[in-house]
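Trainee: The amino acid sequence is not available; the structure is as follows:
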């Protein structure tokens, strides 16, 4: 056995051992739930859906069994069930994308209209609900639902959504004068900025009737395949009446491998 072969064999073993160590060091003890901003549901609809996205170790399938919202227990629905069985419990959480070390999943929940008021009252008191996994883990999760009562905006109109490879934007016109005080979104950890004529403006921002504005979003990754994503515009009209309006906006893509790894590291306390 030549000296060169022994050296190559040693380097190969070191590489394999290092790779195994790296993979093991990346492993999660339990799935990580991805936070979401407010998800829109409609009071006029007979049923609405909301989504909980989460990260697992690659090829290790841990499903969400159910979610407890106060006294209400909701099970994930399966898009592979027939209409007849659509309201039966299911643990067919949907696989979204595979990454270097992790898999991204989503669980879709259907909220019947008759339970909407109770869920609203429960979340007003405490937005933290309990997610129960198939391995028995119970994880607290902040669930934010925006109930659209009127479906018609009174502050904005003429919504036009666009997206590029780097960011999404939504352009709108002002129906009546007011002040925009705050912007938020259903995308987890996205960055939002308000623009007029391609120039960024700061909040609070005083508007006039007929003015055209836009909101741009960066890192607005779509962590699920079924979400109805929105930008929320909050403020007061000139007559003093408060407004809070959702505007639909598109995602740029599923999260990148780097985003998933960075988020896992932050949750695990490796990045401060």
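Mentor: Thanks, I have it. Values in this document were obtained by computation on a predicted structure and should not be read as measured data.

Trainee: Next one: residue 162 relative to residue 217, how far apart?
Mentor: 11 Å (C-beta to C-beta, to the nearest Å). The C-beta positions use only the backbone N, C-alpha and C, and glycine is treated the same way.

Trainee: Comparing these two, which residue is more hemmed in?
Mentor: residue 217 (23 against 13; other C-beta atoms under 10 Å).

Trainee: Roughly how far does residue 209 sit from residue 237?
Mentor: Distance from residue 209 to residue 237, by C-beta to C-beta: 11 Å.

Trainee: joint contacts of those two?
Mentor: 176, 177 (C-beta atoms under 8 Å, 6 or more residues apart in numbering).

Trainee: who has more neighbours, the two?
Mentor: Each of residue 209 and residue 237 has its neighbours counted (other C-beta under 10 Å); residue 237 has more, 16 against 11.

Trainee: so what's the more buried one up against?
Mentor: Applying C-beta under 8 Å, 6+ apart, the residues contacting residue 237 are 154, 155, 176, 177, 178, 243.

Trainee: What helix or strand is the most centrally placed residue in the chain located in?
Mentor: Centroid check for the chain by C-alpha atoms, centre = their mean gives residue 36 as the closest residue, at 3.8 Å. Secondary structure assignment for residue 36, by DSSP states H and E: no helix or strand.

Trainee: count of neighbours near the closest residue in space to it that isn't next to it in sequence?
Mentor: Nearest non-adjacent residue to residue 36, counting by C-beta to C-beta, 6 or more residues apart in numbering: residue 188, 5.5 Å away. If you count neighbours by other C-beta under 10 Å, residue 188 ends up with 16.

Trainee: For stretch 231-243, measure first residue to last.
Mentor: In stretch 231-243, first residue to last residue: 13 Å (C-alpha to C-alpha, to the nearest Å).

Trainee: Let me know the pLDDT of residue 142.
Mentor: The model reports residue 142 with a pLDDT of 90.

Trainee: Run a quick neighbour tally on it.
Mentor: Applying other C-beta under 10 Å, I find that residue 142 has 13 neighbouring residues.

Trainee: Please apply the same query to residue 49.
Mentor: 15.

Trainee: is it in a bridge, and if so with what?
Mentor: On the basis of DSSP bridges, residue 49 is bridged to residue 110.
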